[in-house]
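# Let me see the structure of the following:
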Amino acid sequence: MDQHTNKRYTNMMKIPKSSEGSNKALYFYRKQNVQNCKVTFIDGSVYWQKMFFNDKFLSIKAEPNTLYLDEQCTILAKVTRKQKIQECKRLGLI
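Residues are numbered from 1 along each chain as shown. Okay, the predicted model is just below:
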């Protein structure tokens, strides 16, 4: 019985185990599902942040401190993320 269970592959989703590089498999699975990120501030304003994919280090990060007005991230907003947070603090919303 032990020999049968040791040889049987029970990974239903066919995602490699940690010894087979699961971080890499999950990264490429998430990469196709991640898009630019919608940012809604407490004052109700809506902006977008561009997402960057680093295939070498298997990481997904947002562009720091830069906001865009459209979902494709082509129109740059006149304010930065840091300025918008300071503005919300100044209004007493945070």
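# From here on, just use CA atoms for contacts and neighbour counts.
Fine.
# State the distance from residue 26 to residue 72.
Distance, residue 26 to residue 72, by C-alpha to C-alpha, to the nearest Å: 25 Å.
# Equivalent analysis for residue 51, please.
Distance from residue 51 to residue 72, by C-alpha to C-alpha: 11 Å.
# Mutual contacts of those two, please.
Common contacts of residue 51 and residue 72, defined by C-alpha atoms under 8 Å, 6 or more residues apart in numbering, comprise residue 36.
# next structured bit after the strand or helix carrying residue 39?
Taking DSSP states H and E as the definition, one finds residue 39 inside strand 37-40. Sequence order places strand 46-49 as the next helix or strand after strand 37-40, per DSSP H and E.
# Beyond the helix or strand bottoming out on mean pLDDT in the chain, next helix or strand please.
Least confident element among the helices and strands of the chain, by mean pLDDT, DSSP states H and E: helix 2-7 (a mean of 55). Using DSSP H and E, the helix or strand that follows helix 2-7 in sequence is helix 22-31.
# what comes up buried for that following helix?
23-25, 27, 31 (16 or more other C-alpha atoms under 10 Å).
# How about stretch 61-72?
Residues 66-70 are the ones in stretch 61-72 that count as buried (16+ other C-alpha under 10 Å).
# Closest to residue 55 out of those residues?
Within the buried residues of stretch 61-72, proximity to residue 55 (C-alpha to C-alpha) peaks at residue 66, which comes in at 21.9 Å.
# Which residue lies closest in space to that closest one, excluding its sequence neighbours?
Using C-alpha to C-alpha, 6 or more residues apart in numbering and skipping the chain neighbours, the partner closest in space to residue 66 is residue 80 (5.2 Å).
# from the middle of its chain, how far away would stretch 87-94 be?
Offset of stretch 87-94 from its chain centre (C-alpha atoms, centre = their mean, to the nearest Å): 26 Å.
# tell me the mean pLDDT over it?
Mean pLDDT, computed over stretch 87-94, is 90.
# hmm, back to that, name the residues that touch the strand holding residue 39?
Residues outside strand 37-40 that contact it (C-alpha under 8 Å, 6+ apart): 46-51, 62, 71.
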